[in-house]
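**Q** One predicted model, sequence on top.
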Amino acid sequence: MSTGQSPIGIIGVGWVGLVSAACFAELGHEVWCRDIDADRIAELQSGNVPIFEPGLPELVTKNSDRLHFEKDLAPVLEHARLLFVCVDTPPTYSGDADLSRVNAVVEELPASSKHALVMKSTVPVGTGAAIERRFRELGKSGLTYVSNPEFLKEGSAVNDFLHPDRIVIGSEENATDAADEVAKLYEPLRCSIVRTDVASAEMIKLASNAFLATKISFINEIANVCEEVGADVGEVASGMGLDPRIGRHFLNAGIGYGGSCFPKDVSALKQLAGNSGYHFQLLNAVIEVNELQKRRVVNKLKKHLGSLVGKQIALLGLAFKPNTDDMREASSVVLAARLQGEGARVKAYDPVAEDRAHELITGAEMCDSPLEVLAGVDAAVIVTEWSEFLDLDLKEARKAMSNPLIVDGRNLLDPGRVRDAGFVYEGIGRP
């Protein structure tokens, strides 16, 4: 059903691609999506959404008449001028971004003066310039390039897309018309649109995520000092956050950041700086603090239990954050491995991430409910702040556990309530 809106092409229908496709369809566009994963395309064609993201299945169903999923690129090229590239750019062992999927798209695109490649994937600064050089080498200089980085958060991606705080569009003089078309797509969202050059647009994405990761590592360092001096990091963060120069967001102490963006983008910016001859000392510290923070949980357990050999430890939550099943760089992976290395037996529960967790966590007993995972354990660690853990029946939990020790890795629970229920409680940066 046509609405008069310009059709859009999406290349790569993973998390970013599918959210973008569904939201553009919600804005009235015909959206032509292509992915090389035949199984994913077949699933989407049958109406199933293979990604856990609140609100996304409903949006895909609602706009199914405007969403087209293809295994081949030709139908996308036939219908759409703007081609949004949403492929994965995972980190390599060196810390650089793996651009093999991006490069594959560049190689596959035919020479054309009709189409524009719009980069939504997170790429290092300089990628746009390199792609335009490659276009010239391949005789595809008619293709134009626009940078349009995404700022979606897992668990709230649909709302983030439809109610953004800003849209960033980077282009050079040869792509002004295409950049104008991209900007027009976002006009109904009534938000600030930042128009800049390609390199600056690429840097805005990396710098934004690196700064947020820095805030997390900073408040975790403050939490560790609070434990030593008897202060409460929650009170400290609240007081700090009232200063508008600081703000309250991302000042939640815990066991570190994870997911598909922060670890990758911090490492990518650090590596980019290193490749340019600059040693980014601050980001080295941010990464180191984040890794050490996860391991402090083990020390908290040993403080109360002594040796962990033969002890049973329950992990409440496995995903890197609530409202997603994403296990990339999840703290649970490090914790499970570290606990098993100490000789402990690990039980685990997550309401949505169990299937993905099986791929990364071996040797742990997966359970189907919070009370099942707590049965007979010597301690429980809250790893992911799922809301259902707030409603946990503490009396029943106390009966189920062999030893009443809770290490709250996200400062989710009320310490007084937990202690009143008969538990020993350890938070992060709480006295």
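**A** Nice, thanks for sending it over.
**Q** what about residue 417, how many neighbours?
**A** Residue 417: 11 surrounding residues under other Cβ atoms under 10 Å. Any C-beta I mention is one placed from the backbone N, CA and C, and that applies to glycine too.
**Q** element containing it?
**A** helix 415-420 (DSSP states H and E).
**Q** State the next helix or strand along the chain beyond that helix.
**A** Next along from helix 415-420, by DSSP H and E: strand 424-426.
**Q** quick one, what contacts residue 59?
**A** 22-23, 25-26, 158 (Cβ atoms under 8 Å, 6 or more residues apart in numbering).
**Q** ranking those residues by neighbours, who comes first?
**A** Going by other Cβ under 10 Å, residue 22 tops the contacts of residue 59 with 30 neighbours.
**Q** Tell me the secondary structure at that residue.
**A** helix (DSSP: H, G, I helix; E, B strand; the rest coil).
**Q** I'd like the distance between it and residue 47.
**A** Using Cβ to Cβ, to the nearest Å, residue 22 is found at 13 Å from residue 47.
**Q** Tell me the residues that contact both of the two, please.
**A** By Cβ under 8 Å, 6+ apart, the residues touching both residue 22 and residue 47 are residue 60.
**Q** Now for the contacts of residue 59: which two are most distant?
**A** Largest separation among those by Cβ to Cβ: 25 and 158, giving 11.7 Å.
**Q** how much space between residue 100 and residue 119?
**A** 15 Å.
**Q** Which of the two has more residues huddled nearby?
**A** residue 119 (27 against 12).
**Q** Who are the contact partners of the more buried one?
**A** 85, 102, 127-128, 131, 145-149 are the contacts of residue 119 under Cβ under 8 Å, 6+ apart.
**Q** before we move on, what about residue 144?
**A** Residue 144 touches 115-117, 171, 174-175, 177-178, counting by Cβ under 8 Å, 6+ apart.
**Q** Can you tell me which of the residues you listed is nearest residue 310?
**A** Closest to residue 310, out of all of the contacts of residue 144 and judged by Cβ to Cβ, is residue 117, at 56.6 Å.
**Q** for the helix or strand where the closest one lies, what is the average pLDDT?
**A** Assigned by DSSP H and E, residue 117 belongs to strand 116-119. The pLDDT scores in strand 116-119 average 98.
**Q** how about that strand as CSV, C-alpha atoms only?
**A** Output of strand 116-119 as CSV, limited to C-alpha atoms (Å, rounded to 0.1, in the frame of the first residue of the first chain):
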residue,chain,number,x,y,z
ALA,A,116,23.3,6.6,-2.4
LEU,A,117,24.9,4.4,0.3
VAL,A,118,23.8,5.6,3.8
MET,A,119,26.0,4.1,6.5
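**Q** What residues sit buried inside whichever helix or strand comes after it?
**A** Per DSSP H and E, strand 116-119 leads on to helix 127-137 as the next helix or strand towards the C-terminus. Neighbour-count burial for helix 127-137 flags 127-128, 131-132, 135 (criterion: 16 or more other Cβ atoms under 10 Å).
**Q** how near is residue 349 to residue 364?
**A** Taken as Cβ to Cβ, the span from residue 349 to residue 364 is 10 Å.
**Q** Give me the more crowded residue out of these two.
**A** residue 349 (28 against 21).
**Q** Bridging across strands, which residues link to that one?
**A** For residue 349, the beta-bridge partners are residue 316 (DSSP bridges).
**Q** give me every residue that touches it.
**A** Counted by Cβ under 8 Å, 6+ apart, residue 349 has contacts 314-318, 366-370, 372-373.
**Q** okay, now residue 169: neighbour count?
**A** Residue 169: 23 neighbours (other Cβ under 10 Å).
**Q** Which residues are in contact with it?
**A** Contacts of residue 169 by Cβ under 8 Å, 6+ apart are 146-148, 179, 182-183, 193-196, 201.
**Q** Can you say which of the contacts of residue 349 are buried?
**A** Among the contacts of residue 349, those scoring as buried are 314-318, 366-367, 370, 373 (criterion: 16+ other Cβ under 10 Å).
**Q** Could you pull up the residues touching residue 212?
**A** 250, 262.
**Q** Checking it next. Helix, strand or coil?
**A** helix.
**Q** Look up how far residue 166 lies from it.
**A** If you go by Cβ to Cβ, the gap between residue 212 and residue 166 works out to 14 Å.
**Q** can you pull out the helices in the stretch 251-400 of the chain?
**A** Secondary structure of the stretch 251-400 of the chain by DSSP state H, counting those that start in this stretch: the helices cover 262-275, 281-305, 331-341, 354-358, 370-374, 394-400.
**Q** Point out the other helices and strands that the second one packs with.
**A** Okay, so that is helix 281-305. Applying 3 or more Cβ pairs under 8 Å, 6 or more residues apart in numbering; DSSP states H and E, one finds that helix 281-305 contacts helix 198-229, helix 262-275, helix 331-341, strand 379-382, strand 405-408, strand 424-426.
**Q** and if we set it to 6 Å?
**A** helix 198-229, helix 331-341, strand 405-408 (3 or more Cβ pairs under 6 Å, 6 or more residues apart in numbering; DSSP states H and E).
**Q** repeat for the third one
**A** Here helix 331-341 touches helix 281-305, strand 345-349, going by 3+ Cβ pairs under 6 Å, 6+ apart.
**Q** In TSV, list those along with mean pLDDT and distance to residue 71.
**A** Output for the helices and strands packed on helix 331-341, formatted as TSV (pLDDT from 0 to 100; distance: least, Cβ to Cβ, whole Å):
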stretch	mean pLDDT	distance to residue 71
helix 281-305	95	39
strand 345-349	98	36
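**Q** Between these, which one is closest to residue 418.
**A** helix 281-305 (14.1 Å).
**Q** Next, the buried residues of that closest one.
**A** 283, 286-287, 289-290, 293-294, 296-298, 300-301, 305.
**Q** Could you check the angle it makes with helix 331-341?
**A** 50 degrees (axes from the mean of the first three to the mean of the last three Cα atoms, to 10 degrees).
**Q** between helix 281-305 and helix 198-229, how many degrees?
**A** Using the same axes, to 10 degrees: helix 281-305 against helix 198-229 is 30 degrees.
**Q** how much distance is there from helix 281-305 to the middle of the chain?
**A** 20 Å (Cα atoms, centre = their mean, to the nearest Å).
**Q** residues in contact with that helix?
**A** Outside of helix 281-305, the residues within contact range by Cβ atoms under 6 Å, 6 or more residues apart in numbering are 213-214, 217, 220-221, 255-257, 266, 270, 311, 331, 334, 338, 378-379, 381, 405, 407, 409, 426.
**Q** can we see that at 8 Å?
**A** Contacts for helix 281-305 (Cβ under 8 Å, 6+ apart): 210, 213-214, 216-217, 220-221, 224, 254-257, 263, 266-267, 269-270, 273, 308, 311, 313, 331, 334-335, 338-339, 342, 378-379, 381, 403, 405, 407, 409, 424, 426.
**Q** This completes my enquiry, with thanks.
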